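Enquirer: Next input, structure requested:
(one chain, ligands or ions: 1)
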Amino acid sequence: MQQVVLAARPIGEPKLSDFRLESRPMPTPGPGQLLIRTVWLSLDPYMRGRMDEGKSYAAAVAIGMPMEGGCVGEVITSNNPLFAVGDFVENRFGWRSHTLSDGKGVRKLDADIAPLSTAIGVLGMPGFTAYIGLHTHGMPQKGETIVVGAATGAVGSLVGQLAKIQGLRTVGVAGGKEKCDYALKVLGFDACLDHRSTADAAALSSKIGAECPNGVDIYFENTGGKTFDAVLPLINVHGRIPLCGMISLYNSGAPPAEPADRFSNFPKVWRTLLVNRINVRGFIITDHYDQFPKFIDDVAPLIQKGKILYKESITIGLEKAPQAFIQLLRGENFGKQLVSVSEDPTRY
Ligand code: NDP
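Expert: So this is what the prediction gives:
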């Protein structure tokens, strides 16, 4: 079997040499265990945080250990009565071609409900993040305006579509004309602004403001940086910010040690939040899994009816995962980033 391990902690943007592909003997399942062949591996922005040491909501990956990651796999040996050979399953098996599991926390999948890859995409962790972030933390009301960062990505694309179904005006921010066109023509956003071709936050703010004649009620924060600076002045009194992620900062390493540098913009931001009574809700999706069945019940039928669309960016081969991950952090992926680790027999 093969696995990709963390070879070194990156400084700034990860390099290929921060990862190492290793070959290991195929593991043999013991009593109660399963041997699983990985079919799909999900690449997600949070993995950058796992490469760094330091306090966070989850432990860092140790040097020499396989990178973490959500996967879809097929059971190829089972010593566990709850699973049969040929079952398709989902869990955090990591950047590995094969893995052993005791079955705890492993979710069985039904390829008749939706393609298997969606279990780590629109019907998996990223989709669930969009659903919880929008409904629980965004508290949307019909007729309001939402701005969504990384609007064509795994999370942002579902936020925009769910908000549109609920009757909101949806304004996306994405990188490049192709992504903005897709947001408008396929995902149904009312407007989409290109942050990469816009010189600075002030210019981006003017463009977003022009598309939000009634101001911004919800800013779905996926990126931080220029997009945050552009949207903050536009947020209405009693607006909400589901604080989901800040991908523009993930490669920047640890914050400066000096409080003066670290918080130079802080008084201005803090004051804006206060005077506008803006509700900022940081959330981590793992706190919400009690609502996962309801998410599937609500969103799977919308996908089956074609009312929710999704896009995948597929890289073939586990050995290519590091390069694909580096590209994701640069915004070069277009849609949910997957690695095809081995053949998906249900896919044509
Ligand atoms: P995406 O599939 O959207 O991929 C990342 C995208 O981020 C890129 O395609 C790019 O889109 C954008 N991006 C990259 N660099 C920058 C930058 N410097 N400035 C602005 N945008 C940038 O990722 P996901 O949809 O999976 O994740 C979106 C966010 O949600 C991330 O911040 C992630 O960490 C967060 N998240 C949080 C969770 C939680 O529990 N709180 C759970 C899951 C995700 P573009 O080219 O359009 O700029």
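
Enquirer: what residues does this structure put near the ligand?
Expert: Residues of the chain that fall close to the ligand, judged by CB under 6 Å from any ligand atom: 44-46, 126, 129, 150, 152-156, 174-175, 179, 195, 222-223, 225, 227, 244-248, 283-285, 328, 331, 333, 336-337. C-betas here are computed from N, CA, C, even on glycine.

Enquirer: Tell me who's in contact with the nearest residue to Leu123 once chain neighbours are set aside.
Expert: Excluding the flanking residues, the one nearest Leu123 by CB to CB, 6 or more residues apart in numbering is Ala114, at 5.6 Å. Each residue near Ala114 by CB atoms under 8 Å, 6 or more residues apart in numbering is listed here: Leu123, Ala300, Ile303, Gln304.

Enquirer: Need the three-state assignment for the third one.
Expert: By that I understand Ile303. Here Ile303 is recorded as helix under DSSP: H, G, I helix; E, B strand; the rest coil.

Enquirer: now the one 3 residues further on
Expert: Secondary structure of Gly306, reduced to three states by three-state DSSP: coil.

Enquirer: ok, it to Gln161 distance?
Expert: 11 Å (CB to CB, to the nearest Å).

Enquirer: more crowded one of these two?
Expert: Neighbours were counted for Gly306 and for Gln161 using other CB atoms under 10 Å; Gln161 has more, 25 against 7.

Enquirer: Show me the shaky parts of the protein.
Expert: 253-263, 348 (pLDDT under 70).

Enquirer: The residue positioned nearest the centre of it: what's it in contact with?
Expert: For the chain, the residue sitting closest to the mean C-alpha position, by CA atoms, centre = their mean, is Pro126 at 4.5 Å. Contact analysis of Pro126 by CB under 8 Å, 6+ apart lists Ser42, Asp44, Ile120, Gly153, Ala154, Val155, Leu158, Lys336.

Enquirer: A strand includes it, no?
Expert: No: read with three-state DSSP, Pro126 is helix and lies in no strand.

Enquirer: Keep only those of the contacts of Pro126 that are in strands.
Expert: Ser42, Lys336 (DSSP state E).

Enquirer: got TSV for the contacts of Pro126, with neighbour count and distance to Arg169 too?
Expert: Converted to TSV, the contacts of Pro126 look like this (neighbours: other CB atoms under 10 Å; distance: CB to CB, whole Å):
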residue	neighbour count	distance to Arg169
Ser42	23	31
Asp44	22	28
Ile120	26	30
Gly153	31	20
Ala154	30	22
Val155	29	19
Leu158	30	17
Lys336	26	25
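
Enquirer: Of the contacts of Pro126, which is the nearest to the ligand?
Expert: Gly153 (1.6 Å; CB to the nearest ligand atom).

Enquirer: Do a quick rundown of the helices in the protein.
Expert: Applying DSSP state H to the chain gives helices spanning 46-50, 125-132, 154-165, 177-185, 201-211, 225-231, 259-262, 266-275, 292-304, 321-329.

Enquirer: Packed most tightly, which of those helices would that be?
Expert: Most buried of those, by mean neighbour count (mean count of other CB atoms under 10 Å): helix 154-165, with a mean of 26.
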